[in-house]
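J.: next one to model:
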Amino acid sequence: MTSSPTEILVDASRAFSHDPTQDMKFLQAMQEAFTHHFTSCPGYGSLCRMADFSPESLTSYEDMARIPFVFVNVFKERKLISVPEKEIALTLTSSGTGGRKSAIYLDEVTLSRIRRIVYHIYDSYGMYAPSEEANCLAFTYDPEGAGDSGSAWSDRLLSGLTRVREMAYAIHRNTEGNFHFNPEECFSATSNFASSGLPLRILGFPSFLYDFLLFCEEKGRRFSFGGGSFVLTGGGWKSSQNREIPRETFRALAASILGIPPTNVRDLYGLVEHGVPYGDCEYGAMHVPIYSRVYVRDPGTLDLLPDGEPGLLHLVTPYLHSFPAISLLTSDLGLVRKDCPCGRKAPVLELCGRGGLVKHKGCAVEAIELTRGGGR
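T.: Residues are numbered from 1 along each chain as shown. This next block holds a predicted model:
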């Protein structure tokens, strides 16, 4: 059976092997994905017809930047799907302000694709070791109380980068039913993990990990987990960002407390509406994989900007089958540049902050608010 263009792209295991051949494969996958959503999602089809863009308009690599985008906040207002309701296997939500959340709807096709994409990306970074046993400490929600949280689902997916012997969660519901973070419990779990002799994987929100690292520093306790252990944070810091510290300072502190190389302390950028993770390489650069493309637009005119100039991030990917976020305009500010000391040829995504007059609260803000007693 011949694989579809999107399946061929997703099955490519060298996640950062950008070249003209891969560009053409990406275009073919986008043509397939766009045709599907144009014909299968009435709302998206109407948007495209208003923009006078149809499947016949997408003929060259340069045309992909012209694919009508959906603004990320639309998923807070409308239910957009491109498959029959009965095919939806999982619904995830992302954080929002004023109780408003985005909801995305995933079918088995989309779920299978994103799993492969994530594993290919981290295999290319040398972090995918499915046969290696490790313990995992997640600075995110215990899944038993997390419900449909997109961040909790993402961290469960990332925990599959190794064979987990024991998993501990930093945020869980207390007897009052509210989410609760206790650094003492994390310290106890980490001490137990240290005595096992196994590598450690740490996932989740950097702000909670930072609190834990300061707690360990105050107790005068350090660990020696070694070069086989990794930290992989995501979700950002609280909205005021008054406690956010420089990335290199954070990496140095985590490395010192945990006894791992600073290059093993990584961050990632991602949205539940998009799914593709943009993770750090050894040098702290977030590379764009072959499964997506990143454009940058002027916040005022929405015109495309050249490399090196900051603007709103416009994310494009063909793997999404069940909802039409294949061309997504975010509220995040960033730029795209070339060249990294790691030698990978993939473009580098550099974050610059949030767009808009009011800061867009992210998953980390929601987590902090919930642990202060907001509950769910």
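J.: hey, which helix is longest across the chain?
T.: Ranked by residue count under DSSP state H, the longest helix found in the chain is helix 20-40.
J.: next, the angle from the helix or strand following it to helix 20-40.
T.: The helix or strand immediately downstream of helix 20-40 is helix 42-50, counting by DSSP states H and E. Put simply, helix 42-50 runs at 110 degrees to helix 20-40, going by axes from the mean of the first three to the mean of the last three Cα atoms, to 10 degrees.
J.: so after helix 42-50, what's the next helix or strand?
T.: Assigned by DSSP H and E, the successor of helix 42-50 is strand 70-71.
J.: what's the spacing between that following strand and its chain's center?
T.: 18 Å (Cα atoms, centre = their mean, to the nearest Å).
J.: for the following helix or strand past that strand, buried residues please.
T.: For strand 70-71, the following helix or strand on the C-terminal side (DSSP H and E) is helix 74-77. Going by neighbour count (16 or more other Cβ atoms under 10 Å), the buried part of helix 74-77 is 74-76. Just so you know, the C-beta spots here come from the backbone N, C-alpha and C atoms, and that holds for glycine as well.
J.: ok, now stretch 19-37?
T.: 22, 25-34, 36-37.
J.: put the alpha carbons of it into PDB.
T.: What follows is stretch 19-37, C-alpha atoms only, in PDB (Å, rounded to 0.1, in the frame of the first residue of the first chain):
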ATOM      1  CA  ASP A  19      17.000  20.200   2.200                       C
ATOM      2  CA  PRO A  20      15.300  20.800  -1.200                       C
ATOM      3  CA  THR A  21      14.000  17.300  -1.300                       C
ATOM      4  CA  GLN A  22      12.400  17.500   2.100                       C
ATOM      5  CA  ASP A  23      10.900  20.900   1.200                       C
ATOM      6  CA  MET A  24       9.100  19.300  -1.700                       C
ATOM      7  CA  LYS A  25       7.900  16.400   0.500                       C
ATOM      8  CA  PHE A  26       6.600  19.000   2.900                       C
ATOM      9  CA  LEU A  27       4.800  20.900   0.100                       C
ATOM     10  CA  GLN A  28       3.100  17.700  -1.000                       C
ATOM     11  CA  ALA A  29       2.000  16.900   2.500                       C
ATOM     12  CA  MET A  30       0.600  20.400   2.900                       C
ATOM     13  CA  GLN A  31      -1.300  20.100  -0.400                       C
ATOM     14  CA  GLU A  32      -2.800  16.900   0.900                       C
ATOM     15  CA  ALA A  33      -3.600  18.400   4.300                       C
ATOM     16  CA  PHE A  34      -5.000  21.600   3.000                       C
ATOM     17  CA  THR A  35      -7.300  19.800   0.500                       C
ATOM     18  CA  HIS A  36      -8.700  17.700   3.300                       C
ATOM     19  CA  HIS A  37      -9.500  20.600   5.600                       C
END
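J.: name the residues that touch that stretch?
T.: Residues outside stretch 19-37 that contact it (Cβ atoms under 8 Å, 6 or more residues apart in numbering) are 4-6, 8-9, 12, 44-45, 55, 58, 60-61, 64, 67, 82, 290, 293, 316, 318-321, 324, 326, 345.
J.: flag the shaky bits of the stretch 201-350 of the chain, pLDDT-wise.
T.: Low-confidence segments of the stretch 201-350 of the chain (pLDDT under 70): 237-243.
J.: which residues of it fall in helices?
T.: With DSSP state H, counting those that start in this stretch, the ranges of helices along the stretch 201-350 of the chain come out as 206-219, 247-258.
J.: mind putting the ones you listed into CSV with mean neighbour count?
T.: Shown next, in CSV, are those (neighbours: other Cβ atoms under 10 Å):
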stretch, mean neighbour count
helix 206-219, 18
helix 247-258, 17
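J.: quick one: closest of those helices to Tyr105.
T.: Among these, the nearest to Tyr105 by Cβ to Cβ is helix 206-219 (28.7 Å).
J.: who are the packing partners of that closest one?
T.: If contacts are counted by 3 or more Cβ pairs under 8 Å, 6 or more residues apart in numbering; DSSP states H and E, helix 206-219 sits against strand 129-141, strand 162-173, helix 183-196, strand 230-234, helix 247-258, helix 363-369.
J.: quick one: buried residues of the longest one?
T.: By neighbour count on 16+ other Cβ under 10 Å, the buried set for helix 183-196 is 183, 186, 189-190, 193-194.
J.: and it, what does it pack onto?
T.: strand 129-141, strand 162-173, strand 200-204, helix 206-219.
J.: got those as a markdown table, with distance to Asn264 columns?
T.: Formatted as a markdown table, the helices and strands packed on helix 183-196 follow (distance: least, Cβ to Cβ, whole Å):
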| stretch | distance to Asn264 |
| --- | --- |
| strand 129-141 | 12 |
| strand 162-173 | 13 |
| strand 200-204 | 10 |
| helix 206-219 | 14 |
